[in-house]
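**Q** sequence and predicted model, in that order:
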2 protein chains.
Amino acid sequence: MSRFDYPVYLQLRDQLWSWIEAEKLSSQQRLPSERELSERFHTTRVTIRQALSQLEAEGLIFRSNRRGWYITPERLRYDPSRDVGFNRYVTEQGFKPRTETLFKQLTEVSPWLSEACGLEVGAPVYHIFRRRYVDERGLLVEHNYINPAHCSGLLGESTDLSIWQLLRDKYDLRPEHRDIEIYPLALKGLEADSLSVNPGAAGLYIQRLSFDQRGEFLELDREYWLHDALKISVRIGDRH
Amino acid sequence: MSRFDYPVYLQLRDQLWSWIEAEKLSSQQRLPSERELSERFHTTRVTIRQALSQLEAEGLIFRSNRRGWYITPERLRYDPSRDVGFNRYVTEQGFKPRTETLFKQLTEVSPWLSEACGLEVGAPVYHIFRRRYVDERGLLVEHNYINPAHCSGLLGESTDLSIWQLLRDKYDLRPEHRDIEIYPLALKGLEADSLSVNPGAAGLYIQRLSFDQRGEFLELDREYWLHDALKISVRIGDRH
DNA sequence: TCGATAATCTGGTCTATACCAGATTGAGGT
DNA sequence: ACCTCAATCTGGTATAGACCAGATTATCGA
């Protein structure tokens, strides 16, 4: 009952999968080099790479720039509708969070940002760019564009923790409603570089546009996640 | 100011992008064959394929099994929290919807389904498997698992339209709350075959677990979308 | 002991070629 | 005008080899 046309790279995929299970490789452990694998499985490097890419697409393994292939950790559960800080929900799930602020600046509203948030082109806006880690693997980068109207001096604060918490506790600002957009995309340019992945790597884009109690634009959040890093989980229509 | 290490396949990507713009190729139009492109751009087929894969990952083009490369249509906007049928919101956006029921059957609750929905293993459950098209491109396949308790005879109805509408109008069943899960995955097996894509093609998984007015399990919906087919758009916390 | 440097290892890119299977096209026969 | 079947075109898979640049490791000198 064997399928004749089952291609070699898929057979290799299966063998690699079994091998990983047998060796009980766990999160963040490294696989042998491509050259070693291609010898061990009697094929060429090109074909072994096809099999590895397959497992990468399936989220079992990931590559780290010119260092090797590693076992992908469990997906992080994430609810973009809840106003809970990154650090908190990562910790809740038993992982170790870390946030790096790559830059923060006061800048001017660009045309596309104006389109999205309603502020006039050229108006002042805070722009924060951060990278977030879980167990020391960089999972996403995030652009925050914040309306400085009611939170001047924000950039003087530490932004390595929750911006949401900062806005609430220090400036009494909280999102009243939000527009959320989610879609798969290819990481490239700044986002790919910041996450040390090759251009074209699969990613997930999450955008949150928040308005405060007054109905004014509060914040635009643009998150670029690795495709294998998260599982979005939302509960809707529950009163509890 | 040229970057020395900008790889050929990314240069080709840029050239192809420009070429597509210049030719004003539009939705669903076909590109020249890989062999022709590799001659035209003075490179090998392997490298041109890398460039094409890049554009595929970015969602500009898609491949149709051994037929060629085509321009990807605009993404469909989709709100999984709204109880609006597929046909309606596709039409609203100016596209042409179509649904194909690939099979429907009364079957038994499997262990993983029991885990998800709370019904006992072996209990009866309706299982419907459908494929959905937009402008004659198959964008997703969908498994519906429905609790037959309050809608016996459902399988006798036509399931090429909205199941949600059927449940509401004929059986007075409506989802009261839902648990939604979303994450990127690789399409494979039945789902990849049904969408005529290669195993490992990037996809988006959307699961909706619905409970009715009584708090009883109503329906489990598992959708497998092409990665470039949709843009999820949700509004949260708005009273309008 | 430490820091700089050289050797080595890794995945990333690229060429050239070959054959296969599914999809499409075209020629011929009715 | 239609069907059939062969030729052809397409992307999919696979081999064998090569060189590059970044990352890591080993070595050597201060």
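**A** Yep, that arrived.

**Q** so what secondary structure elements neighbour the helix or strand of chain A with the lowest mean pLDDT?
**A** Ranked by mean pLDDT, DSSP states H and E, the weakest helix or strand in chain A is helix A:163-171, scoring a mean of 87. Helices and strands touching helix A:163-171, by 3 or more Cβ pairs under 8 Å, 6 or more residues apart in numbering or on different chains; DSSP states H and E, are strand A:137-146, strand A:217-226. In this view, the C-beta of every residue, glycine as well, is placed from N, C-alpha and C.

**Q** could you dump the ones you listed to JSON lines with mean neighbour count, distance to residue A:95 and mean pLDDT?
**A** Below are the helices and strands packed on helix A:163-171 laid out as JSON lines (neighbours: other Cβ atoms under 10 Å in any protein chain shown; distance: least, Cβ to Cβ, whole Å; pLDDT from 0 to 100):
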{"stretch": "strand A:137-146", "mean neighbour count": "22", "distance to residue A:95": "10", "mean pLDDT": "96"}
{"stretch": "strand A:217-226", "mean neighbour count": "22", "distance to residue A:95": "14", "mean pLDDT": "97"}
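
**Q** near DNA strand C, which residues of chain A? Just list them.
**A** A:4-5, A:31, A:33-36, A:45-46, A:49, A:63, A:65-69, A:198 (Cβ under 7 Å from any atom of the strand).

**Q** repeat the analysis, applying 6 Å as the threshold.
**A** A:5, A:33, A:34, A:35, A:46, A:63, A:66, A:68, A:69, A:198 (Cβ under 6 Å from any atom of the strand).

**Q** nearest to residue B:213 among these?
**A** Taking Cβ to Cβ as the measure, residue B:213 lies nearest residue A:63 of the residues of chain A next to DNA strand C, at 48.6 Å.

**Q** doesn't residue A:57 make contact with the closest one?
**A** No - here residue A:63 lies out of contact with residue A:57, judged by Cβ atoms under 8 Å, at a distance of 11.6 Å.

**Q** re earlier: pull out the buried residues from the least confident helix or strand of chain A.
**A** The neighbour-count criterion (16 or more other Cβ atoms under 10 Å in any protein chain shown) identifies A:163, A:164, A:166, A:167, A:171 as the buried residues of helix A:163-171.

**Q** the second one reaches residue A:85, doesn't it?
**A** In this case it means residue A:164. Yes - the pair residue A:164 and residue A:85 qualifies as a contact (Cβ under 8 Å) at a distance of 5.9 Å.

**Q** and for the two, which residues touch both?
**A** Taking Cβ atoms under 8 Å, 6 or more residues apart in numbering or on different chains as the contact rule, residue A:164 and residue A:85 have no neighbour in common.

**Q** how far does whatever helix or strand comes next after the least confident helix or strand of chain A sit from its chain's centre?
**A** Per DSSP states H and E, helix A:163-171 leads on to strand A:177-187 as the next helix or strand towards the C-terminus. With Cα atoms, centre = their mean, to the nearest Å as the basis, strand A:177-187 stands 11 Å off its chain's centre.

**Q** now the angle from the least confident helix or strand of chain A to strand A:137-146?
**A** With axes from the mean of the first three to the mean of the last three Cα atoms, to 10 degrees applied, the angle from helix A:163-171 to strand A:137-146 works out at 40 degrees.

**Q** pull the residues that contact helix A:163-171.
**A** Under Cβ under 8 Å, 6+ apart, the answer for helix A:163-171 is A:83, A:85, A:128, A:144, A:146, A:150-151, A:154, A:157, A:159, A:173-175, A:218-219.
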